[in-house]
Each structure stands twice: as C-alpha cells, then as structure tokens.
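[1] Return a 3D structure for these sequence lines:
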Amino acid sequence: MPANLSPEFIAARQRFNQARTDEERLDALQEMLATIPKHKGTEKMQADLRRRLAKLKERTEQRRKSGKSGGPSYHVEPEGAAQIAVLGPANAGKSSLVAGLTNAKTEVAPYPMSTHWPVPGMMHYEDVQVQLVDLPPITPEYTEGWVFSAVRTADAVALCWNLADEETPQIMEQILDILAQRHIRLSGQESKELDWRTVQRRTLIVATHLDVAEHGLAQAEEWAGDSFPVVGISTDTGAGLDDCKRRLFELGDVVRVYSKKPGEDPDMEQPYTLKTGATVQDVVKLIHRDFVDKLRFVRLWGSSKFDGQHAPLDHQVQDGDIVEIHLA
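    Presented below is the predicted three-dimensional model:
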C-alpha cells in the first residue's frame, strides 16, 4: 500500500535530515509523527518513528542529567511558579527585558541575533519567582527547531514589540504565521492544548523602547485589539517595568496558597504555587501526598464564603487563600 506522504511530513523529514542538534531532531521527529498519514501502509513507519523518538528522548535526558552536553543546553528545566518564553524579532529588546527583570546574564547588544541559545532568569514578584527564558529571534529566514519546542513547553509567552520600528506590525504577522505553521497559536486567552498537535499559549505583548517611541504604543494597542493585552516599557528609564512584572506574573495563571497550622498564625512568606483552577485537594497533595489519606477536613480563609469555614475538596482556590489542614 503506498504511503502517500503529506507535504508537511516531507518538510519535517527534510528538517530532520538537516538538523544540527538533538533538540532540532526531536522537534522534527515529533512533527513527522504528527503529520504522517495514519493507515496500514504507514504502520511500520509510525512504529519506527516512535522508536527513534523514544531513543532520542532517552539520550537527551541522560546527557542532561550527566551534564555532558558537549555544548550549551537547548532545554531549560522549568523553575519557579511559571515558565514564560520571551519571543520577538531581532533587536526587539528581548535580552534587555530579561536582563532588566531577572538575574540572567544575557548578551545585550545593539546588533541583531546576539542570542543563540536559551538564557533563563528568575524574576522576583512579591513572594514568588517566575522564570523568563530569552530565546533567539523568530525570522522568516531561519529559526532553529528547538525554539519551537521551547515555546510549546512554556506556560506562556511574552512577545516583544519594537516601538521604534515602523515595520513591527508586519513582522508580528510573520511571527504569528511562522508559529502557526508549527502548530503553535498565540492568544490572549488561557494556555491549553487545542487538539492532538496544536497548542495555544497565553501571550502578553511587551512594547519596548517606550522612552524613544511612545507614540508607537497606540499602534501596538490597535494591532493587538481584543486579541492580546499590551504593556509598554523602557528598560533604559525603568518606565512600565513594575507593571510588566505584575502582568507577567498574571500571565502564568498562578495562584498562591499559604498554609496555617491549627492555633498558629499563617506562614505568609513561603506560598505554595499552583495553576488557576487548582482545588483544595490539589493543595493538600502538594503540601504532602500522604495527607490526602489522613485528612479529616480543611479550613479555608480567603475565597470561602465565611473565613475559617470547612472547604470541600473540589473547591477551587484563589490567589492569596490560606488553608489549615486537619488530619485524623
């Protein structure tokens, strides 16, 4: 039976053959497996792709754990309350943003393409940390495959808009199109899996160079419309950075829950962080998995109707809630 391979599969196979890193090979293999026609004539090919994918994942994981990568790592292990991928065209101020908000040692340069691999940094916001990952620019000419993998695995996206460049609206459309071709959709809505191969990542437009081109902010907001929220910043003057921090925290869909021992004051310094939609039971499991089997009840302050009332396990916690766990 003929395989009748799709153009998408053939393009992914070509990317695999031209790949220079295991991360690029992983991305191409995943795309090949997603786009190969599913019928009897391709069953052996599908099985072979799965075997190759499993071996490559095992090899990259072993290399990561051993620390013997032979070069810079293209995989960033998530840390903190959320991981946010910082995207944009060349010279959009991505590295300056990450350097200005975190402890990362990024290469900030007045020329394009100064970022060649992912550079993570931890952004402090109140009592939690959010991980920002500076990624190489996305361009029509060439974008390495591992960049798309990094976007897919991130919790959300900060898309940098250069207010000083009049061509930015057209460049943004190109970026959205390039990502869509790789089955990644940016949206102002929640991050989620849209189907068996397409992901949606919640996105904030970070309009940079506010100090030299404030007039361009209106254009960015008009382009974004109801599709994306926008925040204007200047890393040189610091304008908008505090608001940007808050918006990036909110972008991660994180709720902070604090614990309290019976008869004592709550610990308001070290919150437990969960994703929006998490329940009281999720909090109990996070504090200690064995507590679920020993649980008598949980008292909740914050989002409950009455402070200190017993909370059902399926109650969705809100940012700032306090829980008091009572065990049998």
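[2] domain ranges for this protein?
    7-66, 83-252, 255-327 (automatic domain parsing).
[3] what's the helix or strand for R296?
    Taking DSSP states H and E as the definition, one finds R296 inside strand 295-301.
[4] Oops, could you answer that again for R15 instead?
    For R15, the host element (DSSP H and E) is helix 7-18.
[5] so where do the helices sit in the stretch 1-150 of the chain?
    Counting by DSSP state H, counting those that start in this stretch, the stretch 1-150 of the chain has these helices, from start to end: 7-18, 22-35, 43-66, 94-101, 145-153.
[6] Specify the beta-bridge partners of G121.
    L132 (DSSP bridges).
[7] give me every residue that touches it.
    By Cβ atoms under 8 Å, 6 or more residues apart in numbering, the contact set of G121 is V98, A99, L101, T102, N103, A104, T106, Q131, L132, V133, D134. For every residue, glycine as well, the C-beta is placed using N, CA and C.
[8] Can you say which of the residues you listed are buried?
    By neighbour count, with 16 or more other Cβ atoms under 10 Å, these hold V98, A99, L101, T102, A104, T106, Q131, L132, V133, D134 as buried.
[9] Among those residues, find the lowest-pLDDT one for me.
    Minimum pLDDT for the buried ones among the contacts of G121 is recorded at T106 (66).
[10] rewinding a little: which of the domains of the chain sits most buried?
    domain 83-252 (a mean of 19; mean count of other Cβ atoms under 10 Å).
[11] Please enumerate residues in contact with stretch 170-189?
    Under the contact criterion Cβ under 8 Å, 6+ apart, stretch 170-189 has outside partners 31, 34, 87-89, 138, 140, 143, 148, 151-152, 157, 159, 161, 165, 194, 197-203, 223-224, 226-229.
[12] Select from those every entry located in strands.
    The strands, defined by DSSP state E, take in L87, V157, L159, W161, V199, Q200, R201, R202, T203 from the contacts of stretch 170-189.
[13] Throw those into a markdown table and include pLDDT, thanks.
    Listed next are these as a markdown table, based on pLDDT from 0 to 100:
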| residue | pLDDT |
| --- | --- |
| L87 | 96 |
| V157 | 98 |
| L159 | 98 |
| W161 | 97 |
| V199 | 92 |
| Q200 | 97 |
| R201 | 97 |
| R202 | 98 |
| T203 | 98 |
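[14] just to revisit the earlier point, of the helices of the stretch 1-150 of the chain, which approaches G80 most closely?
    Closest to G80 of the helices of the stretch 1-150 of the chain, according to Cβ to Cβ: helix 94-101, at 12.5 Å.
[15] Run through who's touching that closest one.
    Applying Cβ under 8 Å, 6+ apart, the contact partners of helix 94-101 are 86-88, 104-109, 114-115, 119, 121, 123, 132-135, 137, 158, 160, 206, 208, 233, 235, 238, 241, 244-245, 248.
[16] again, but for stretch 235-246
    The contact list for stretch 235-246 (Cβ under 8 Å, 6+ apart) reads 93, 96-97, 99-101, 123, 125, 206, 208, 210-211, 231-234.
[17] and stretch 311-322, average pLDDT?
    94.
[18] Kindly check the end-to-end length of it for me.
    With Cα to Cα, to the nearest Å as the measure, stretch 311-322 spans 11 Å from end to end.
[19] repeat for stretch 190-203
    For stretch 190-203, the end-to-end distance is 9 Å (Cα to Cα).
[20] List of residues touching it?
    34-35, 85, 151-152, 154-159, 183-189, 228, 251, 253, 276.
[21] and what of stretch 146-154?
    Residues from elsewhere that reach stretch 146-154 (Cβ under 8 Å, 6+ apart): 21, 23-24, 26-27, 30, 74-76, 78, 83-85, 87, 118, 133, 135-136, 138, 157, 179, 182, 184, 199, 201.
[22] sorry, back to before: make TSV from the helices of the stretch 1-150 of the chain and add distance to H310 to it.
    Formatted as TSV, those follow (distance: least, Cβ to Cβ, whole Å):
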stretch	distance to H310
helix 7-18	53
helix 22-35	46
helix 43-66	43
helix 94-101	40
helix 145-153	38
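[23] between those, which one is nearest to F297?
    Of all these, helix 145-153 sits nearest to F297, with 37.1 Å by Cβ to Cβ.
[24] and that closest one, C-alpha only, in PDB?
    Only the C-alpha atoms of helix 145-153 are listed here, as PDB (Å, rounded to 0.1, in the frame of the first residue of the first chain):
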ATOM      1  CA  GLY A 145      13.600  23.800  15.600                       C
ATOM      2  CA  TRP A 146      14.400  23.700  19.300                       C
ATOM      3  CA  VAL A 147      13.000  27.300  19.700                       C
ATOM      4  CA  PHE A 148       9.500  26.000  18.800                       C
ATOM      5  CA  SER A 149       9.900  23.100  21.300                       C
ATOM      6  CA  ALA A 150      10.800  25.700  24.000                       C
ATOM      7  CA  VAL A 151       7.600  27.700  23.200                       C
ATOM      8  CA  ARG A 152       5.400  24.600  23.200                       C
ATOM      9  CA  THR A 153       6.600  23.600  26.700                       C
END
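[25] tilt between it and helix 22-35?
    For helix 145-153 against helix 22-35, the angle by axes from the mean of the first three to the mean of the last three Cα atoms, to 10 degrees is 70 degrees.
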